[in-house]
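Engineer: Have a look; sequence and predicted model below, questions after that.
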Amino acid sequence: QVQLVESGGGLVQAGGSLRLSCAASVSTFRSYAMGWFRQAPGKEREFVAAINWSGGRTYYTDSVKGRFTISRDNAENSLYMEMNSLKPEDTAVYYCAAASRLSYSTSSREADYDYWGQGTQVTVSS
């Protein structure tokens, strides 16, 4: 069983930055592709970014390209997302997720991810 714990959320003004972290409690972390998703109030959860096992392949939804950067540290069993130039529409609960059936590739599909964290709130004020 994989446990994922997100941190780093908070309240920030538009144009500001935050760095989200996700700690994984599994020694085989390096074998999982990882992703970040978010859910805004009253909306369905949506894909944000994904990364393969090595970090050599990343994938972003169009709305965050050039502003968000996903990365991982396999030695620390951790996933990160640097978020810059934040906008009010980025306000959401952010979830990290692990895909046990993916390693070399990435995915934007929720169904490809087996394990989910509890989420961390990001609020961007205008």
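Structural biologist: Cool, got the structure.
Engineer: neighbours around the nearest residue to Tyr60 once chain neighbours are set aside, how many?
Structural biologist: Of all residues not flanking Tyr60 in the chain, Ala49 sits nearest, at 4.9 Å (C-beta to C-beta, 6 or more residues apart in numbering). Quick note: C-beta positions are derived from backbone N, CA and C, even for glycine. Each residue near Ala49 was counted by other C-beta atoms under 10 Å, and the total is 24.
Engineer: same check, this time on Ser107
Structural biologist: The tally of other residues near Ser107 (other C-beta under 10 Å) stands at 18.
Engineer: ok, back up a step: a strand runs through the residue nearest to Tyr60, doesn't it?
Structural biologist: Yes: counting by DSSP: H, G, I helix; E, B strand; the rest coil, Ala49 is part of a strand.
Engineer: I figured it hits Ser63, correct?
Structural biologist: No: counting by C-beta atoms under 8 Å, Ala49 stays clear of Ser63, with 10.7 Å between them.
Engineer: Can you pull up the most central residue in this structure?
Structural biologist: By C-alpha atoms, centre = their mean, the chain has its centre lying nearest to Trp36, at 2.3 Å.
Engineer: could you list every residue that touches that residue?
Structural biologist: The neighbourhood of Trp36, defined by C-beta atoms under 8 Å, 6 or more residues apart in numbering, consists of 20, 22, 48-50, 70, 79, 81, 94-97.
Engineer: re the thing from before, write down the beta-bridge partners of the residue nearest to Tyr60, one by one.
Structural biologist: Trp36, Tyr60 (DSSP bridges).
Engineer: what's the nearest residue to Asp114 if we skip its chain neighbours?
Structural biologist: Ser100 (4.9 Å).
Engineer: Ignore what I typed, I meant Met34.
Structural biologist: In space, Met34 is closest to Leu79, 4.7 Å off (C-beta to C-beta, 6+ apart).
Engineer: And for Trp53, the neighbour number?
Structural biologist: Residues lying near Trp53 (other C-beta under 10 Å) number 20.
Engineer: Mind pulling the model confidence for Thr120?
Structural biologist: For Thr120, the pLDDT comes out at 98.
Engineer: That one against Ser7, yeah?
Structural biologist: Yes: using C-beta under 8 Å, Thr120 makes contact with Ser7 at a distance of 6.0 Å.
Engineer: Before I go, just wanted to say thanks for your time.
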